[in-house]
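Peer 1: sharing a model that was predicted from the sequence below.
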Amino acid sequence: MSADTSRLPLPVRLYPRAYRQANGAETAATYADAVAGARLPARIAEAAGVTGHALRMRARLTSERTFPRVAALAAPLVVAVAAGQSAAQLFRLPGSTPPETLDGLGQLAGLSVTGAWITGLLWCTPLLAVLAGRWSLAKVLGVVAAVAVVVARLAWFVPRMATLLPDHLASLLLNVGLPQLMWAGLLVAAPRDLLDTSRAGRLLLPVAALVTYVAAAVGWQEGWRGAVLLVGAVLAFALGFTHRERLFPVAVLFAVLPLLIVSYTSPVTLFLGEAGLSYDATVAVSALPLIAAVVAGCLLNRRPRGAGSPPAGSAR
């Protein structure tokens, strides 16, 4: 079915041209039915769902490719781990100091105290949305939370731009900002038809969030406790091999990597600097995990050999 694509709703116009020409009118009608008479939050969630599906099709993040399948497996872990980490930053155990925290300067987790509380609470909302069975809303909230972290981080940088270099900006966002964007990217890349929407799966998420909270709160203490997060991540990765899905260990790795980056970038950077590496070299080394994750995602998203075209109406 062909249609005058200029008259389609904006979210539908984001689909690739071939899809719009073949299915634009049908998709627009379905979208109109879904938002008709709905309240604003429901309309926003529907628009975000259609937009995300359209952008995934443009990026070829379709259900038959490997990376979206990994993202779908990782997405529940992302909302749990992100909530657990945020709770550990806001509700600190005695002796626990979140990375990039300078109490004397009013800095918490690399942000102002106000910014840290706002973004931390925002990162708890995707978990609540998933527990309520609202995955589209959870994705929107995850993107909002990630963007809020970047904005709050840049709010510190902008007034100091005259005295800082561009590589300082890269360093600034490496451990606070870009890891959260990686979480948001995993949520957006996860096709809705591959997400675990079972009640049993949802009930495990608060447990995963609580385990993350304890591991982070303990791992952000001095001494040997600093290795707790790394050991926990290794154990989670190993346990992933017991899952029936063979890609689950990869999903675990993608889900916990931002937490490890947030927790260990500053100590690793300090160690490398004391070892004699230049500032630019330490920034480059610190960026390697994120670069490796992006490269791995691109390689996993290659079209499977012999795979046909994705169905035009694949679920959001």
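Peer 2: Sure, I can see it. All figures in this text were calculated on a predicted structure; none of them were measured in a lab.
Peer 1: and the spatially most central residue of the chain, what is it in contact with?
Peer 2: What sits nearest the mean C-alpha location of the chain, by C-alpha atoms, centre = their mean, is residue 183, with 1.1 Å. The contact partners of residue 183, by C-beta atoms under 8 Å, 6 or more residues apart in numbering, come to 78, 81, 82, 142, 146, 255, 258. Every C-beta, even on glycine, is put in place using the N, C-alpha and C of the backbone.
Peer 1: avg pLDDT for the helix or strand harbouring the first one?
Peer 2: Secondary-structure assignment from DSSP states H and E places residue 78 in helix 66-90. Mean pLDDT, computed over helix 66-90, is 95.
Peer 1: and stretch 266-285, which residues are buried?
Peer 2: Residues of stretch 266-285 classed as buried: 266, 268, 269, 272, 282, 283 (neighbour count, 16 or more other C-beta atoms under 10 Å).
Peer 1: got those residues as a markdown table, with secondary structure, pLDDT and distance to residue 120 columns?
Peer 2: Converted to a markdown table, those look like this (DSSP: H, G, I helix; E, B strand; the rest coil; pLDDT from 0 to 100; distance: C-beta to C-beta, whole Å):
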| residue | secondary structure | pLDDT | distance to residue 120 |
| --- | --- | --- | --- |
| 266 | helix | 86 | 18 |
| 268 | helix | 88 | 23 |
| 269 | helix | 87 | 23 |
| 272 | helix | 89 | 29 |
| 282 | helix | 89 | 27 |
| 283 | helix | 85 | 26 |
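Peer 1: for the protein, which spans come out with low pLDDT?
Peer 2: Residues of the chain meeting the criterion pLDDT under 70: 1-6, 160-167, 303-316.
Peer 1: one step back: can I get the contacts of residue 183 in TSV including neighbour count and distance to residue 58?
Peer 2: Compiled in TSV, those are given as follows (neighbours: other C-beta atoms under 10 Å; distance: C-beta to C-beta, whole Å):
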residue	neighbour count	distance to residue 58
78	28	22
81	30	28
82	30	26
142	28	20
146	26	20
255	29	24
258	26	24
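Peer 1: which among those residues gets closest to residue 175?
Peer 2: Residue 175 lies nearest to residue 258 out of these, by C-beta to C-beta, at 9.5 Å.
Peer 1: could you find the closest non-adjacent residue to residue 106?
Peer 2: Of all residues not flanking residue 106 in the chain, residue 113 sits nearest, at 5.5 Å (C-beta to C-beta, 6 or more residues apart in numbering).
Peer 1: quick check: the one you found touching residue 104?
Peer 2: No: look at residue 113 against residue 104 with C-beta atoms under 8 Å: they stay out of range, at 11.9 Å.
Peer 1: which one's more surrounded, these two?
Peer 2: residue 113 (14 against 5; other C-beta atoms under 10 Å).
Peer 1: isn't residue 212 up against residue 86?
Peer 2: No: the pair residue 212 / residue 86 is not scored as a contact, 9.5 Å apart, by C-beta under 8 Å.
Peer 1: that older thread, what angle separates the helix or strand containing the residue nearest to the centre of the chain from helix 66-90?
Peer 2: Taking DSSP H and E as the criterion, residue 183 maps to helix 178-189. Here helix 178-189 runs at 130 degrees with respect to helix 66-90, directions being taken by axes from the mean of the first three to the mean of the last three C-alpha atoms, to 10 degrees.
Peer 1: any idea how far helix 178-189 is from the chain center?
Peer 2: Centre-to-centre, helix 178-189 and its host chain are 2 Å apart (C-alpha atoms, centre = their mean, to the nearest Å).
Peer 1: please apply the same query to stretch 80-88.
Peer 2: In terms of C-alpha atoms, centre = their mean, the centre of stretch 80-88 is set 12 Å apart from its chain centre.
Peer 1: all further residue positions should be reported with the first residue as 682.
Peer 2: With 682 as the first residue, the last one maps to stretch 761-769.
Peer 1: you'd agree residue 737 is up against residue 873?
Peer 2: No: between residue 737 and residue 873 there is no contact under C-beta under 8 Å: 9.9 Å.
Peer 1: neighbour count: the two, which is higher?
Peer 2: A count of neighbours by other C-beta under 10 Å puts residue 737 above the other of residue 737 and residue 873, at 23 against 19.
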